[in-house]
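K.L.:
pasted the sequence and its predicted model underneath.
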Amino acid sequence: MFKKLENESITSWFDRYTTITNQLNQLGEIIPEDELVKRLLKSLPKAWRSTMIAIHEAKNLNKISLNEICGSLLTYEQEVNQINEENEMEVVEKKKVLALKTSLREEQIYYISR
């Protein structure tokens, strides 16, 4: 069964899916676009389930194209990546502050013990 790999980007995942479906078309297996959309969404990992549900509720899966789904997922991926980057920067800043506080305390202890 086709699944999105854990650290795979949406672009790479969508390219793999498109390659497979194009090969099936060349072999004479014609799958309607609405069925391709549904199968694509089912291949998302559990971490993406809330996004999949939101797409199900917001869009008519019988009328939406694969490219529209890919665009929605790319937007979500970019937002998640931006949030993760901001969180990482906050962690780095907290570590810097902690290191500075520790350094200042060590200097105070050294000064007091002299």
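P.N.:
Cool, the structure landed.
K.L.:
what's the closest non-adjacent residue to the residue nearest to the spatial centre of the chain?
P.N.:
Closest to where the C-alpha atoms of the chain average out (CA atoms, centre = their mean) is Glu77, at 3.9 Å. The spatially closest residue to Glu77, leaving aside those adjacent along the chain, is Ile10, at 4.7 Å (CB to CB, 6 or more residues apart in numbering). Placement of C-beta: from N, CA and C, glycine included.
K.L.:
pLDDT wise, what is that neighbour at?
P.N.:
Predicted confidence (pLDDT) at Ile10: the value is 93.
K.L.:
where does this protein have its least confident helix or strand?
P.N.:
The weakest-scoring helix or strand in the chain, judged by mean pLDDT, DSSP states H and E, is helix 66-113 (a mean of 74).
K.L.:
can you give me the neighbour number for Thr11?
P.N.:
Residues near Thr11, counting by other CB atoms under 10 Å, number 12.
K.L.:
off-centre distance for the one helix or strand it maps to?
P.N.:
Taking DSSP states H and E as the definition, Thr11 sits inside helix 10-26. Using CA atoms, centre = their mean, to the nearest Å, the distance from the centre of helix 10-26 to the centre of the chain it belongs to is 19 Å.
K.L.:
buried residues, that helix. List them.
P.N.:
For helix 10-26, the neighbour count (16 or more other CB atoms under 10 Å) marks 10, 13-14, 17, 21 as buried.
K.L.:
just give the closest residue to Leu24, not the sequence neighbours.
P.N.:
Taking CB to CB, 6+ apart, and ignoring the residues beside it in sequence, Leu24 has Ile31 as its nearest neighbour in space, at 6.6 Å.
K.L.:
Three-state assignment for the one you found, please.
P.N.:
With DSSP: H, G, I helix; E, B strand; the rest coil as the basis, Ile31 sits in coil.
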